[in-house]
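> my questions are about this predicted structure, shown below with the sequence.
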Amino acid sequence: MRNDSQESGKTIFRLHMSEFWSGDLGLTLVSVSLVILIFLIQPLRAEGERGRLFFDLLMVILMVSGALTIKQHRAFTAITIFIVILGLAMLWISHAHPTPFYQRLSSAMSILALLLYVRIVLLVMFREGPITWSRLQGGVSAYLLIGLAWGTAFRLIEEVHAGSFHFVTQPANVDDLTAKLVYFSFATLTTVGFGDVLPLHPMARSLAIAEAVVGQLFPAILIGTLVGMAMQSRPKP
C-alpha cells in the first residue's frame with residue numbers, strides 16, 4: 001500500500017509539473033527571472049546579494065522541475081539534478097569561504113549547470129505542439145543563459161590566470177568581477193564590443209570569438225527551426 005501511494009504521489013507530481021511546463025507559465029517564469037537577474041540583480045550584485053541568492057534558488061527549483069518533466073533517461077535526470085544542486089551549494093560555499101579553490105570549483109559547476117539549463121529549456125521549447133508565445137520566451141531564455149554561461153567561463157579563466165582581461169576600472173571584489181565579465185559576455189554575444197573590457201589571454205580571446213559566432217548563429221538557427229515547426233503544424237489543405 002505504501003509503495004502504491006508513493007507511486008501515485010510521484011505520478012501526480014509529474015502531471016502537475018508537466019502541466020506547468022507545457023503551458024506558458026514555466027518558460028514565462030524562467031524568462032522573467034533571467035531578465036531580473038541579469039539586468040537588475042547582476043549589475044548591482046554587491047548591493048543586492050539577498051536578491052541574488054533568492055533568484056539562484058528560484059532558478060535551481062525551475063531547473064530541477066524541468067529536468068523531472070522532460071523525457072530523458074532516469075540516470076541523466078539524476079545526474080542533472082545532482083550537478084544543479086551541487087552547483088548551488090558550491091556557489092553559497094564560495095560566498096561564505098571565498099578561497100581560490102572554492103571560487104574556481106563554483107565557477108566550473110555553474111558553467112555545467114547553466115549549460116544543462118539551456119538543454120532543459122530547449123527540450124521544453126521544441127516539444128510537440130503549436131508555436132506559442134512561451135516558445136519565443138524559451139528562445140530568449142536560452143540566449144540569456146548562454147550569455148551567463150560564457151560570463152562564468154570568462155570568470156573562471158580570470159580566476160585561474162589573473163590578468164586575462166584588461167578592465168578600465170579594476171574590479172573591487174569577486175562580485176564586481178562577475179558583474180563586469182557578465183557585462184562583457186553579453187556585449188560579445190551581441191557583437192557590440194564597447195572596448196572597456198578586453199580579453200588578453202589566448203584562451204579568453206578564443207572564448208570571446210566563439211561566443212561572438214554563437215551570438216550570430218543561435219538566433220538565426222532558432223528562428224529557422226521555429227518557422228519550420230510552424231509550417232509543419234499547419235493543417236494540410
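Good, I have the coordinates.

> only C-alpha atoms for contact and neighbour calcs from this point on.
Fine.

> and the residue positioned nearest the centre of the chain, what is it in contact with?
Nearest residue to the geometric centre of the chain (CA atoms, centre = their mean): L145, 3.3 Å. The neighbours of L145, taking CA atoms under 8 Å, 6 or more residues apart in numbering as the test, are 34, 114-115, 117-118.

> so which of the residues you listed comes closest to V174?
Nearest to V174 out of the contacts of L145 is L114 (CA to CA; 19.2 Å).

> where's the closest one relative to T80, distance?
Applying CA to CA, to the nearest Å, the value for L114 to T80 is 11 Å.

> hang on, the earlier thing: and the furthest pair within the contacts of L145?
Across the contacts of L145 (CA to CA), the longest gap, 14.3 Å, separates L34 and L115.

> compare the two (neighbour count), which wins?
Comparing L34 with L115 by other CA atoms under 10 Å, the one with more neighbours is L34, at 22 against 17.

> what helix or strand is the more buried one on?
Here L34 is covered by helix 25-36, with elements defined by DSSP states H and E.

> who touches that helix?
For helix 25-36, contacts defined as CA under 8 Å, 6+ apart pick out 20-21, 55, 59, 62, 121, 134-135, 137-138, 140-141, 144-145.

> give me the lowest-pLDDT entry from those.
Among the contacts of helix 25-36, F20 has the lowest pLDDT, at 55.

> V160 and V60, how far apart?
According to CA to CA, V160 and V60 sit 26 Å apart.

> for T132, same thing?
Where V60 is concerned, T132 sits at a distance of 25 Å (CA to CA).

> again, but for L105
Shown here: L105 relative to V60, a distance of 18 Å by CA to CA.

> could I get the contacts of L145 as a markdown table with secondary structure?
Converted to a markdown table, the contacts of L145 look like this (DSSP: H, G, I helix; E, B strand; the rest coil):
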| residue | secondary structure |
| --- | --- |
| L34 | helix |
| L114 | helix |
| L115 | helix |
| Y117 | helix |
| V118 | helix |
